[in-house]
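Peer 1: No sequence on hand, only this structure:
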């Protein structure tokens, strides 16, 4: 179910306006194209189920709650997260084209799926895009056993002239929790350090991990970054935070997810020479000495390689 026209047709059948269906489909096929299949068409049915339970507002009134020359706070009005996410990034990009940098905080949203998508759309216009979002609680604080923090992903995409962009995209957990279901389906144990059971004990059992807790990446560092993202995207935007963020499955209420998006026009901030400098930056890294049999990798290389391989098939 990866064909964009088919996805649009399914959404139209479920009364999603065509303009929104186009956005949702584009987000999903882009996620699949870059190998982020856990956030692509695989969850289309789940979104349609949520829609049919009354979980999405198909006529959202996106409006600015507060705005200055440097930021805006935008109400996502319980829209599909893909739709409000695109609106927020577009808003930031257009403002950054004259101000150099602009920030959008947004409340009353639902999950936006692959965070890199929105930053990538900014980069396609020569703009550096940053995306931070909180999510339903899946991690305990260090020393705890209660779900208090989401896996809270962040992404940044930096455009590079005549080259693929630098794509930084990750959750603050050691892996996305959707990986647990993949391991369960394949009958494989979870690797050490991925999960805790509901009592806070390490486990390799996918079922215990699904019912329990996912570990933060790099221990205290991942935990701290997750808190930072929760504060800037959740607290500052006026959205939910910690374990107050709503669940995606089994609920028809707005998740009240918070977004924090930043758009940077490098030609204004740095000057017209930015693209020469970022090209030199990438070249310097690529040309640095590699381990025998290896090659230098940059963030996003794996995603881009997956996309190019799929194109050839």
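Peer 2: That came through fine. Since this is a predicted model, take the numbers as computed values, not measurements. Numbering: from 1, shown residues only.
Peer 1: just the strands in the chain please.
Peer 2: 63-67, 71-75, 101-109, 128-133, 137-139, 149-150, 154-158, 166-170, 195-196, 202-203, 213-214, 257-264 (DSSP state E).
Peer 1: hey, which of those strands is tucked in deepest?
Peer 2: strand 149-150 (a mean of 30; mean count of other C-beta atoms under 10 Å). C-betas here are computed from N, CA, C, even on glycine.
Peer 1: Give me the contacts around that strand.
Peer 2: Contacts to strand 149-150, defined as C-beta atoms under 8 Å, 6 or more residues apart in numbering, come from residues 134-141, 216, 223, 226-227, 230, 242-243, 245.
Peer 1: Stretch 237-250 - what's its average pLDDT?
Peer 2: On average, the pLDDT along stretch 237-250 is 96.
Peer 1: List the buried residues of it.
Peer 2: Going by neighbour count (16 or more other C-beta atoms under 10 Å), the buried part of stretch 237-250 is 237-242, 245-246, 248.
Peer 1: Based on its surroundings, how many neighbours for residue 267?
Peer 2: 15 (other C-beta atoms under 10 Å).
Peer 1: What sits closest to it if chain neighbours are left out?
Peer 2: Nearest non-adjacent residue to residue 267, counting by C-beta to C-beta, 6 or more residues apart in numbering: residue 274, 5.9 Å away.
Peer 1: cool, residue 258 as well?
Peer 2: Per C-beta to C-beta, 6+ apart, closest to residue 258 is residue 239, 3.0 Å.
Peer 1: give the contact list for that neighbour.
Peer 2: 106-109, 134, 233, 245, 256-259.
Peer 1: name the helices or strands packed onto the longest helix along the chain?
Peer 2: Longest helix in the chain, counting residues (DSSP state H): helix 81-99. Secondary-structure packing of helix 81-99 (3 or more C-beta pairs under 8 Å, 6 or more residues apart in numbering; DSSP states H and E): helix 18-33, strand 71-75, strand 101-109, helix 115-123, strand 128-133, strand 257-264.
Peer 1: related to what we said a few turns ago, wait, which of the contacts of strand 149-150 is closest to residue 205?
Peer 2: residue 138 (16.4 Å; C-beta to C-beta).
Peer 1: if we can go back for a sec, now distance to residue 304 and mean pLDDT too, for the helices and strands packed on helix 81-99, in TSV please.
Peer 2: As requested, the helices and strands packed on helix 81-99 are exported to TSV (distance: least, C-beta to C-beta, whole Å; pLDDT from 0 to 100):
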stretch	distance to residue 304	mean pLDDT
helix 18-33	10	98
strand 71-75	31	98
strand 101-109	26	98
helix 115-123	11	98
strand 128-133	16	98
strand 257-264	22	98
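Peer 1: now those in TSV, with distance to residue 205?
Peer 2: Below are those laid out as TSV (distance: least, C-beta to C-beta, whole Å):
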stretch	distance to residue 205
helix 18-33	28
strand 71-75	42
strand 101-109	33
helix 115-123	29
strand 128-133	29
strand 257-264	29
